[in-house]
Every structure is written in structure tokens, then in C-alpha cells.
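Visitor: sharing a model that was predicted from the sequence below.
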Amino acid sequence: MLESTIAAIEPLDEAAMAEARELHGRLTKPAGSLGALEELSVRLAGLAGTCPPPLPGAPAVAIFAGDHGVHAQGVSPWPQEVTAQMIANFLAGGAVVNAFARQAGAAVTVVDVGVATPIPGAPADPVPGGAAVPLDPAVPRLVGATVRRGTRDFTVTAALTRDEARAGVEEGIRVAGELIGAGAGILLTGDMGIGNTTPAAALIAAFTGADAAETTGRGTGVDDPTYRRKVEVVRTALDRHRPDPADPLGVLAAVGGLEHAALAGLILGAAARRVPVLLDGVIAGSAALAAAAFAPDAVGAMVAGHRSAEPGATLALRRLGLEPLIDLGLRLGEGTGALLALPVVTGAVRVLHEVATFDSAGVAEK
Ligand SMILES: Cc1cc2ncn([C@H]3O[C@H](COP(=O)(O)O)[C@@H](O)[C@H]3O)c2cc1C
Ligand SMILES: O=C(O)c1cccnc1
């Protein structure tokens, strides 16, 4: 499934992009006046292979959740159980991501790929992966797709086996296909996993070559001693595993997490189906680097929702050549920054559908 998905990812359609650029030049606005929205709409035309590209209807945010063996090293001030407790909160509609999803009209799917503790109140048998899904923005949904109940501590051994990392990536591909099959016109990335900014920092260091001190941030707000320990943990893991950036499955297995692997898969799945994927913060950025290492043309499907306050997020976006749409100092995750950016993406496309040309509106050109 991974290999066939990678093989299906192709470059942007140059003819559709040229058509979108030409159309922009005829719309009733000074050329270039919509700034970054113009190039974004051109890119989305290239992704869809048609101009104008479809409006990104039926948005769907996929929140991949997992726990982390490296939590034992004291890299987060929060207990591991908060991952499962927040999933219960997502399903009850009480988290920030739910508020923003309601505002955006986005369906919320939580995918348990690696949660270590029981999810309070969750059915013993959540919807198994593969079940038919209605995209109902009012009802958050849990998909049970556990690969293993938390990764191993990567300061000691590889976080995952290659097979486990592959299973995580393939679950993300499967979810992308399921959501797009149910009608989603744009996918948004979300994450939940106490400690997951530490593997994100390690992945970004592995893929960009940046130092652990540059890629590591304060996550949920760690104090100075914890921050120093976190940098050391990332450095120790990189020294121990020496991950090869040309082998993304190996990197994800050595220093990644199951939600990072699944998000890489979601991105690949969206790119293969030529549906845009709106990236959230640093976890998504680290997964996007993995996706780009699997398939460089996958970058064409990526839209950077926002600039997370985590320093690694900026390094990841720079490496991918993506400019974030909004920059509000958010550092939450869950998909919150991606959801806030969604109207910007829709606006960029709507211009190509609805704005009159100088000719049709009888407006004089300069
Ligand atoms: C209540 C709560 C809600 C969250 N929602 C997202 N995160 C975010 O913070 C975690 C990563 O930060 P660190 O690596 O410092 O643990 C992830 O679960 C991420 O989704 C949350 C964290 C907490 C505590
Ligand atoms: O930017 C993010 O994605 C982020 C930042 C801090 C904690 N969790 C996620």
C-alpha cells in the first residue's frame, strides 16, 4: 500500500497552473494584490489539474493519537494518561479543536494508532478501521487502529520496528482514502500524544540536519531544566540511532511516533488522490518531512496552515519551501492552527470561481 501510494504521487499540472495565473491577471483587482493567496490558488489548480480547482468542501480533520516511551525521560510535565483523557474530551466535543471544527464545519475523526492507557468512556470496540464513515461535522468519531500501546523509549532502543512504522503510515493512507471516499475535499492534520513534541524535534533534526537545540521547543510549556533535558534526549537519540534521512521508514522507526507515522501516511494518501492537506503545527511539520522523503512531489499537496511557536516547525516549513498562512503564536496542536487557516484556503479558491474579469464587469484596465 505504501509503495503503490508513493508511485501514484505526481507533479503539479503545469497547464492548469498557467491557466490560473492567466485568469488572475484578468480578475478585477490589481495583479498580485491577493499576495500569497494567488500562488496558493495556482498551486491548488495544479493539484486538481483543472482551473478553477474545486472549492475545498466537506473539510475533515484527522487527529492521530499515540503515546511515547520517551515520556519516561521526563520530557513533558503532563502525565501520559492525558492523551487518553483528551481523546474522551474530543469525542465529547469539549476541546479547542472541536470549537474550531464546529466553526469551520469540519468533521472530526480521532484515530487511536498508539494510545497507552484506556480511553475513559470509549466503547470497548470503537469503529474498526475500514468501516463506512459518514462525514458528520456534529459527531466526532473514534477509529480504533492501535499498532502498539505506545512507542518504546528511543533513548534506549528504536521507538518502533520498521513493520510498526509501516503499519502507522499505512493507517494514515487508509484514513485519507476513507475520508476522501466519504466526500472530503480537503484534509486537515491533527495530533494528540503527550510527549510528542520530542519525537517531532528528533524527526526534524534527522530530516534537516539541524542541531537538537534548534529543533527542540518547549512543547506544552516545560521549564528550563526540563527543556535542557529534552534537548539532551533528542541529541542522545540521534547519536544512538544515526537515522538516515534517505530512509524515512527507518527514521520514523528509530525516533518517531505512531501519530507522526500516520500523519505522514495521511499526507501521502491525500497527495496520491490529489486532494490538498492543510498542515497544523510541529507534529505535522515533522510528518510532512517524512512524507516528502518518501515522495518529493507530495509537497505539492501540502498547505502550511500556521507557524507554530515551536522552533522546529519553522525549520520544517523552510525545508519544505512552504510559507504558513497565519502566524498567531499558537502552540497547541490537535489541528487547531489548520482549522483557523481553512477559510484562507477556501477564499483563495473562491476568488477563481466568483470574481469578475475586467472585461465582463466593464472595469477599465490601467
Ligand atoms: C491538556 C492538553 C491538551 C492538548 N492538546 C494538544 N496538546 C499537545 O501537547 C502535547 C505535546 O506536548 P509535549 O510534548 O510538551 O507533551 C500533544 O499531546 C499535543 O497534541 C495538548 C496537551 C495538553 C496537556
Ligand atoms: O505546534 C504544535 O503542533 C504543538 C506545540 C506544542 C504542543 N503540541 C503541539
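Guide: Yes, it's here. Ligands and ions are numbered 1, 2, ... in the order given.

Visitor: count the residues that sit near whichever residue of the chain sits closest to ligand 1.
Guide: Among all residues of the chain, Gly219 sits closest to ligand 1, at 2.4 Å; criterion: C-beta to the nearest ligand atom. The way it works is simple: take the backbone N, C-alpha and C, and place the C-beta from them, glycine included. Under the neighbour criterion other C-beta atoms under 10 Å, Gly219 is assigned a count of 24.

Visitor: again with the one 5 residues further on
Guide: A count of nearby residues for Asp224, using other C-beta under 10 Å, gives 8.

Visitor: and it, what's its pLDDT?
Guide: On pLDDT, Asp224 comes in at 96.

Visitor: same question for the one 3 residues further on.
Guide: Among the per-residue scores, Tyr227 shows a pLDDT of 97.

Visitor: what's the nearest residue to the residue of the chain found nearest ligand 2 if we skip its chain neighbours?
Guide: The chain approaches ligand 2 most closely through Gly281 (2.3 Å), counting by C-beta to the nearest ligand atom. Leaving aside its chain neighbours, Gly281 sits nearest to Ser308 (3.5 Å; criterion: C-beta to C-beta, 6 or more residues apart in numbering).

Visitor: Three-state assignment for that neighbour, please.
Guide: Put simply, Ser308 is coil when judged by DSSP: H, G, I helix; E, B strand; the rest coil.

Visitor: quick check, it in contact with Gly335.
Guide: No: contact between Ser308 and Gly335 fails when scored by C-beta atoms under 8 Å: they sit 12.0 Å apart.

Visitor: what sits in contact with each of those two?
Guide: Both Ser308 and Gly335 are in contact with Asp280, where contact means C-beta atoms under 8 Å, 6 or more residues apart in numbering.

Visitor: before we move on, the earlier item: how many other residues sit next to the residue of the chain closest to ligand 2?
Guide: Gly281: 33 surrounding residues under other C-beta under 10 Å.

Visitor: need the contact list for Arg102.
Guide: Neighbours of Arg102 in contact, by C-beta under 8 Å, 6+ apart: Gly93, Pro137, Ala138.

Visitor: cool, Gly257 as well?
Guide: Taking C-beta under 8 Å, 6+ apart, we find Gly257 in contact with Gly66, His68, Gly114, Thr151, Ala159, Gly193, Asn196, Pro199, Ala200.

Visitor: now with 7 Å, please.
Guide: For Gly257, the contacting residues are Gly66, His68, Thr151, Ala159, Gly193, Asn196, Pro199, by C-beta atoms under 7 Å, 6 or more residues apart in numbering.

Visitor: the residue nearest to the second one when sequence neighbours are not counted: what secondary structure?
Guide: Which is His68. Distance criterion C-beta to C-beta, 6+ apart; nearest residue to His68, sequence neighbours excluded, is Gly195 at 3.9 Å. Following three-state DSSP, we place Gly195 in the coil state.
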